[in-house]
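Peer 1: Quick one, fold the following:
(chains A and B)
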Amino acid sequence: MAAAAATSPARAAAWAFAAATCVKLLLVPTYRSTDFDVHRYWLALTHALPARRWYTDASSQWTLDYPPFFAYFSRLLALPAPLVDASLVSLPVPDAPPSFAYLLYLRLTVAFSDLLLLLASVLLLATDALTRRRRRPFLSLALVLWSPALLAVDHVHFQYNGFLMGLLLLSLHFLEQGRDLAGGVVFAALLCSKHLFLVAAPVYFVYLFRHYCCGRGVVRGLGRLVLMGAGVAAVFAAAFVPFLYYGQMQQLFNRLFPFGRGLCHAYWAPNFWVFYILLDKILAFLLRRLGFNIQIPEASFTGGLVGNSSPFAVLPKVTPITTFLLVILAMSPCLMKAFSIPQPRHIIRWVSYATTCGFMFGWHVHEKASLHFTIPLALIAMDSLEDAKHYFVLSIVSCYSLFPLLFENQEYPIKVMLLLTYATLMWVGFSSHFAAKSPQEGKKVNESGSVVRKNSFIGWISFSYLLGIVAIELWSQVFHHYLFGSRFPFLPLIMVSLYCGVGMMYSWMWQLAWIVRH
Amino acid sequence: MGRLGRAHAGPYAAVQAHGLRCWPSTARANGPSCSAQIKAGVPCRAWAGYSKDVPGPAHSASYAPMLRRAARLKRRRRNLVQEDSPSSAPDPAAVALEKDALSGAGGAPVEPRSGGCAARQAVDASVRAVAAAASARAACEDSSAGRLGGCRISRYTSASVARGDFANNQGEPMAKTKKPRSSAPDPPAHLPWHHPPAPPVSTALLISLAALLLRVLVSVGPYSGQGVAPKFGDYEAQRHWMELTLHLPSSDWYRNTSANDLAYWGLDYPPLSAYQSRLHGLLLNASLPDAVALRSSRGFESPESKLLMRWTVLSSDLMVFFPAALWFVWVYFKGGVGGTGEERMAGWTWLLASCLINPCLVLIDHGHFQYNCISLGLTLGAIAGVLSGNELVAAALFSLSINHKQMSLYFAPAFFGHLLGKCIKRKYPIVEVMKLGFVVLGTFAFVWWPFLHSYEAAMQVISRLAPFERGIYEDYVANFWCSTSVLIKWKRLFAIKPLKLMSLSATILAFLPSLVQQIRSPSNLGFLYSLLNSSISFYLFSYQVHEKSILLPLLPASLLALQEPHLYGWLMYFGLFSMYPLICRDHLLLQYIAVLGLFVLIYYSPGGSSKKGMSIPSGAKAVLSLALLCSLLLQVLYLQIEPPKRYPFLFDALMMFICFSQFVILTLYTNYKQWMLNSHSRSVGRKKDL
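Peer 2: Sure, this is the predicted structure:
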């Protein structure tokens, strides 16, 4: 039976991926956001127009604002489209809702591009890293492939995060293997696909500089520095030179980095700024009660746009520079670690931590950005009991914070069931995994005072925090309506942001503490 | 379930757990890092055990201690053979020896086994295991792969020792030695629920949640007759019944009145269905009164009403079918059905998954839109009741099931035969039969109460339930009458009355063998076979069968998934295939592909039980795979190619033939199996007598 239960990781991964694909097929008829129209337009744009006009065309409101590699990727996905339906790639994109064939085609391109994620996960699972004590269990791969947050964002809301995460994981795989050059080049390709990953660039830079270039003598080090620089520069050249040639760099950068967006997105991502804004509101309220003359500014945070005036009543105004400095400051312990002892086995943690910092303190962060660190952290979730506990809380919080994305009634049971199934999967998987190991690790765990009973591997604080999510959800779905009717429509959203913000702060501090300790 | 686990498979689970645990750590590590592992205290006892024997770089001579140890064990075994006495008390020496041997082979803690004989056997095998491991290791070169091969062998052998199936594994360890050397050893990838100590309650919860998720996902798709005025489909029928039962008195439910036009989706299911419609109608009325308003709501369709209607099916499924399935699996593993304890323990997750993730049921209930989950759930509860010995509960549940959908009568011969056979074997057979009859009659009277005040009222309902005037078959259904109608035009040659008689006698003839078998020697496993046989007999031969009725034979087939994995997979696939034209009419093709894909994936899940069971002869395999190939081809042709004008239903007919042939083969096979069960149990009894 043991022999029958054993299967090669590639086969098991293909199995898990195929199961996920079946679920993705079932998600085809579900709700899709305006991102669907965005990508629909991009497909048509890159297919119908020459590259010269990609960043200048304004026939739709959804202008191309991703770096060139993503545009190339769209071009690639548009190649077989005329075989399905010629109207798929004609400009201007019609306003009518898409036909079923059209919808199916676009949904399938997402499922197809997830193959890169599969490839990266198989490589990470089958990795023969000298640095690792043991291989990753199959479950850690299933946690990536079956991530409900990824399913919700990619296959319901409609984005191509599976592809981008695949690139990131591929790069991490190379770094973990010690193939730094390949890792750096893949990361450069990722940056040229989505520039949001720039937050991870400092860690990459420090790590690669120290691990790849230093410690091998000046000449060889310089040689390697040049090699790495050439590799990365070649990738960037492949992406940007055509547009440099057309003289559109200014236009391209205006598209990539739009100014005038607010500190927070319309729906507040559960990060540090939620606390900051709420503190400001509370202080303003208290000070006015005490008789101070506080002016409540006009600008609303829910609008997402900010003018010249400060949106804060009491606390100092936050500028993009402030957030940039804060991110770097939060990242600095990790950078120092990466500088002093660059170890491949910690690279996943470091990169995840860097993206976490970007999420916590960044400017105009979307809630979807939490995927950028929950997915890599899933890979190391089974390394130790502490990791498992942390990931259990983090993944639930991150997925729950995405709930407001799917706001229609039809998707409500889907998102709830996805999260519940995933949480139970983690519960079963983690508790059996660590129960099986407890004869060896039992003593150690006992000393640290955690609960080691077979069926409960998380502590009561985390458990009651997670129960709080149920309470928040009940409140926003049922009681809020009874108490306030249609008044304060943003209150449930703010509560979700705030409550998930607590979990995210915990995750950030936990990761920080881990990095400082190890 | 946890208690069961310990009772059934103590040593097995322990060893397997250990084997699995140590495996990933040993795989793929090479020399220096392995010793580093040991220093670092990696949880790999097998390695640690060896490291005592093999310090430093290993070479062939280092295995001498192991060979010596094997020889020592052999000597001690000889001693044991001499004193081979059937003592019931555990022999301490043998137990100690066994422990010793096992820790040498795999380092696994094994609980002592009772009986000197068993101990001797275990030692016997462990001698073999150690010897095999040692010789394999000695044969290996100094390469790290070779050493790992040895380690791997020790795992296999230790597991097989604990399992006790020595005869099968005699040659196996040696055969396995070659594998790791040629290819890099792959670590076993496990689904989380295949970890031996997986907590049963949360594992069952996980499977139930996954099954519910699948239903929710399928329910996003279209329903039958969506937007097809004026007649719509089953969705409209159900909604119409809610409207009727909500607004009309019960006396008018089955009568043609000004408010109830029987020609437009008249109610044609028994009263329990009507009550269920009324309950759901009340729920709909509370939140969306327009959807069930009398007369004005005909053909009412809106996203909200679709959601609410879907929710009524989901909640019925969750409240009836899920508990019944969980109860069944619980009863099955409490020892209700034959098979060794270990086999059943290993497969309970699989059985639960195959019960809950039944692709046909999911597609018809949550895609096409029906409430089969209620009647099938009640039947499943009744089956669990029979297996657990609660016959009266079973009788009540089965009566309720018949009162929800008269199609549940397909199972009646099996219940009748099994319960009668059991009662006859008891002390007071008449009293037992009376008790059952009283419960059945009482349940029927309770359900039919509003219609029992006059003979006419009851007959009115019954005439609605048996629509003989609709002909012996309607669309293309893969049963006997429809398939043979190509040669014999039954509808043209015979009137309704002789056809009724013919189909009745054919059905009785078809289920008679299984009925007789159950009356003569009722057994739990035989009961499950009998359910399958009688329901498929009805499907093949009875009057007015719909293609959706294949759901009924599929229920017992999924319950037999552990006993007959091939049968289960085959019947499920062709059952699904027989509904393919219906699926295409409902525009559920996407859901069909996804659900079929998930079914195949679960069937071949890593570590699933699909490989168990009988081996099929290659000739039969060729014939069967031809049918499979044809079915796949037809599915593509059906969508892509217009059938010739003269035969517009050519593809439907071909599909019907393929499915019919498969169903007939499977029926013959299951009848044969049920009868062999009989002779097998008798031969076992005879041996006992001797």
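
Peer 1: Beyond the helix or strand hosting residue A:425, next helix or strand please.
Peer 2: Taking DSSP states H and E as the criterion, residue A:425 maps to helix A:412-447. Remark: after helix A:412-447, the chain's next helix or strand is helix A:460-474, criterion DSSP H and E.

Peer 1: So which bits of the helix or strand following that next one are buried?
Peer 2: Following helix A:460-474 in sequence order, the next helix or strand is helix A:480-484 (DSSP H and E). Residues residue A:480 are the ones in helix A:480-484 that count as buried (16 or more other CB atoms under 10 Å in any protein chain shown). For the C-beta atoms, the positions are set from N, CA and C on the backbone; glycine is no exception.

Peer 1: now check helix A:480-484, is it near chain B?
Peer 2: No. If you take CB under 8 Å from any CB of the partner chain as the test, helix A:480-484 misses chain B, and the best it gets is 13.3 Å.

Peer 1: Kindly export that helix (C-alpha atoms) in PDB.
Peer 2: Output of helix A:480-484 as PDB, limited to C-alpha atoms (Å, rounded to 0.1, in the frame of the first residue of the first chain):
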ATOM      1  CA  HIS A 480     -25.200  45.300   9.400                       C
ATOM      2  CA  HIS A 481     -28.200  45.300   7.200                       C
ATOM      3  CA  TYR A 482     -30.600  44.900  10.100                       C
ATOM      4  CA  LEU A 483     -29.000  47.600  12.200                       C
ATOM      5  CA  PHE A 484     -28.100  50.300   9.700                       C
END
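
Peer 1: Please state the offset of it from the chain centre?
Peer 2: Relative to its chain's centre, helix A:480-484 lies at 33 Å (CA atoms, centre = their mean, to the nearest Å).

Peer 1: Between helix A:460-474 and the following helix or strand past that helix, find me the angle.
Peer 2: Next along the chain after helix A:480-484, taking DSSP H and E as the criterion, comes helix A:491-517. Relative orientation of helix A:491-517 and helix A:460-474, computed by axes from the mean of the first three to the mean of the last three CA atoms, to 10 degrees: 160 degrees.

Peer 1: Now do the end-to-end distance for stretch A:85-105.
Peer 2: 9 Å (CA to CA, to the nearest Å).

Peer 1: Apart from its chain neighbours, what residue comes closest to residue A:187?
Peer 2: residue A:171 (4.3 Å; CB to CB, 6 or more residues apart in numbering or on different chains).

Peer 1: got a list of what that neighbour touches?
Peer 2: Taking CB atoms under 8 Å, 6 or more residues apart in numbering or on different chains, we find residue A:171 in contact with A:183-184, A:186-187, A:190.

Peer 1: change it to 6 Å
Peer 2: Contact analysis of residue A:171 by CB atoms under 6 Å, 6 or more residues apart in numbering or on different chains lists A:183, A:186-187.

Peer 1: Pull the residues that contact the helix or strand harbouring residue A:358.
Peer 2: In the assignment (DSSP H and E), residue A:358 maps to helix A:347-361. For helix A:347-361, contacts defined as CB under 6 Å, 6+ apart pick out A:172, A:175, A:199-200, A:203, A:271-272, A:323, A:326-327, A:330-331, A:334, A:338, A:365, A:369-370, A:372-373, A:376-377, A:380, A:508, A:511, A:515.

Peer 1: quick one: contacts of stretch B:463-474?
Peer 2: Contacts for stretch B:463-474 (CB under 6 Å, 6+ apart): B:254, B:268, B:406, B:481-482, B:490, B:496, B:499, B:543-544.

Peer 1: Just the buried subset of the contacts of helix A:347-361, written out for PyMOL, thanks.
Peer 2: The PyMOL selection below is limited to those of the contacts of helix A:347-361 classed as buried (16+ other CB under 10 Å):
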select buried, chain A and resi 172+175+199+200+203+271+272+323+326+327+330+331+334+338+365+369+370+372+373+376+377+380+508+511+515
